Every structure is written in C-alpha cells, then in structure tokens.
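>>> missing the sequence, but the structure's below:
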C-alpha cells in the first residue's frame, strides 16, 4: 500500500508516517509539505519521503495522488489566533486547499481520510459535542475547517468518493512545536515550565478541553487507512474527557514533580469556552481504539521536550 499524507512533516503527520511505516502492508509513505509549519527534521528515521510543495500546486499534487492507494489530508494553516491575523490565508489553505486535494482524489478514485476540527462547533453550548449538533464557528479557522469538512462530505455524496472526515480535539504530544505566538496550550505550558517561566493562561482558566494524545490519533488514522473506513457523516476523534486549563497546570506540575508558576492574561477572541467530544460514533467505527491517559501522554510529551537541545540544561531536573 502507498499512502500520501498532506502536511506530512507536521506534528500529527510525522507521527502518522512513523505509525504507518511500522505496518508491513505499507510499502511507501510520501509526506507532502511546504514546511510553512512542518519541519523536515520531524521525518528523520520514519522512512517517509518528503516532497516539499504546497497542496495548492496541482502540478505536484496530482501525480502524487495518482500513485497513492490512500490520502490522509492533514495539511492546514493551524491556529485560531493565526486565522484572526490573516483570515484569507486560513481560507486559501484550509478550504481551497482541501478542494484541490479532493479534486485530485476524485480523478484517481482514492480513499481520503480528512482532518476537520472541534472548532466547527464553536458557540454551541451543548456538552458533550455530538456530530449531529449545529455548527457555529467563532473564528475564520473554524469556518474554513467547516468548509473543508463540508466539501469532503459533498465529494463523497456527489461523486461516490470514499471519504472519512474526522473532527480533531486538542491533539498534543511529541513533535508539537512550542516557543511561538500560535503554540497550542500543552506545548506552550511544557516549554514555559522547562524554562522556569510562568505558564500563561488566557482568561480565568475554567475553560475546558478534550485533550487527545497524538499516538491515539495516529493509531486510529492508520486503522482507518488499512481498513478503508468511510463515513457519510463527520466523526469526532476524541474520547469524551473534559479538563479545565487550570487543572491542566496542576496535572503538568504533577508530571514534572515540582510546582509551576501561573499568570493570567486576557481571554482570546475566537476561543471556544468548553469542549468535550461525544465518542459513540468513533467507538462504533473503531471499537478497539483506546485513549492514552492524560498523565501518561503528558509524561511522554515532557520526555520528548527534554530530549531537545533547547531544554538540555533542564534535562536533569526531576
């Protein structure tokens, strides 16, 4: 089997490359990535082949899709704050880019597993978030991901394309970048803690998230590819946990076995207040899927950070 992963040098993509190539049925994995947020170094040791280009370039995208038996579409311009700073760029990559991928897959009749986001639920207050709820995105990022998801489902309905759209919820783990303005909360917290700096909470800290370890996500994605799982409805890829950001700081302190300093800043525009996935549809399609517990996932994430050169002086700390 040959698999093309768009955004394959990114955090989730590179972990998926490693997961897929550990399976004997997979003969080739190609990571298509323009390296705008991904890193070539993420692919070291995976065995995947990197093609540095954009999904917006059909001259590169089309022949890669033609050679593939399956496409996992992860390429995106991530981050709610980044989409507020440049809404058009978010739309161009996340929505238009998805249509370009789907068009290439339609011509080649290739199975597509596509990444959507819990951001599509937006202002809907119901918890847990089940896939039949209305969608009310609060940011250009959420709107663009909803458009991408809708296009994916429409291509399945209109052209018989085998598709599976997943809604990701706060994925975290090794390879996730930190140290920049748009970093996700867990890598931002780990980065600050290992540098001995305060952990910045945007708002009161009572907002909640459904954190999912990247190894859990890639195991499900790989299973979806291997079994050619399809769905004419979106599927939450999370397991119904709910944790406040303040509690996350305490759990991280427990993993580090030392106190962490916390400071609060203003709440951010576009951020969802509470997030928790209903997982019945996921468990129906993937009955053997099992979530890595948060403390175990945090420990593995911290261990990876400590291996990086930037944190070497803190590596010996408990």
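The structure has been received and is ready for your questions. Note that the structure is predicted; figures quoted are calculated from it, not measured.

>>> what about the helices in this structure?
Listed in chain order, the helices of the chain (DSSP state H) span 11-21, 58-66, 80-85, 87-91, 97-108, 140-159, 185-194, 214-227, 245-256, 280-285, 294-307.

>>> who does the longest one touch, helix- and strand-wise?
Other elements packing on helix 140-159 under the criterion 3 or more CB pairs under 8 Å, 6 or more residues apart in numbering; DSSP states H and E are helix 80-85, helix 87-91, helix 97-108, strand 111-117, strand 163-168. Placement of C-beta: from N, CA and C, glycine included.

>>> Check the first one too.
Applying 3+ CB pairs under 8 Å, 6+ apart, one finds that helix 11-21 makes contact with strand 2-6, strand 28-33, helix 214-227.

>>> cool, and the fourth one?
Helices and strands in packing contact with helix 87-91 are listed as helix 140-159; criterion 3+ CB pairs under 8 Å, 6+ apart.

>>> The helix it packs on vs strand 163-168, what angle?
Going by axes from the mean of the first three to the mean of the last three CA atoms, to 10 degrees, helix 140-159 is angled at 160 degrees with respect to strand 163-168.

>>> buried sites along helix 140-159?
140-153, 155-156 (16 or more other CB atoms under 10 Å).

>>> any idea how far residue 111 is from residue 268?
37 Å (CB to CB, to the nearest Å).

>>> Looking at those two, which one has more neighbours?
Neighbours were counted for residue 268 and for residue 111 using other CB atoms under 10 Å; residue 111 has more, 20 against 12.

>>> In contact with that one: list those residues for me.
69, 70, 71, 105, 162, 163, 164, 225, 228, 230 (CB atoms under 8 Å, 6 or more residues apart in numbering).

>>> Can you lay out those as a markdown table showing distance to residue 254?
Shown next, in a markdown table, are those (distance: CB to CB, whole Å):
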| residue | distance to residue 254 |
| --- | --- |
| 69 | 43 |
| 70 | 39 |
| 71 | 40 |
| 105 | 44 |
| 162 | 43 |
| 163 | 41 |
| 164 | 36 |
| 225 | 35 |
| 228 | 41 |
| 230 | 41 |
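
>>> what residue ranges in the stretch 151-300 of the chain are flagged as low confidence?
For the stretch 151-300 of the chain, no stretch has pLDDT under 70.

>>> Recalculate using a threshold of 80.
179-182 (pLDDT under 80).

>>> what number of residues lie near the closest residue to residue 118 other than its chain neighbours?
Among residues not flanking residue 118 along the chain, residue 169 sits closest, at 4.4 Å (CB to CB, 6 or more residues apart in numbering). By the measure other CB under 10 Å, the count of residues near residue 169 is 25.

>>> Near residue 234, how many other residues are there?
Using other CB under 10 Å, residue 234 has 22 other residues around it.

>>> now the one 5 residues further on
Burial of residue 239 is recorded as 21 neighbouring residues (other CB under 10 Å).

>>> Residue 233 now?
For residue 233, using other CB under 10 Å, the count is 11.

>>> ok, now residue 277?
Neighbour count for residue 277, taken as other CB under 10 Å: 28.

>>> need the contact list for the nearest residue to it once chain neighbours are set aside.
The shortest distance from residue 277 to any non-neighbouring residue, by CB to CB, 6+ apart, is to residue 238 (3.6 Å). If you count contacts by CB under 8 Å, 6+ apart, residue 238 has them with 118, 167, 168, 169, 170, 210, 212, 276, 277, 279, 282.
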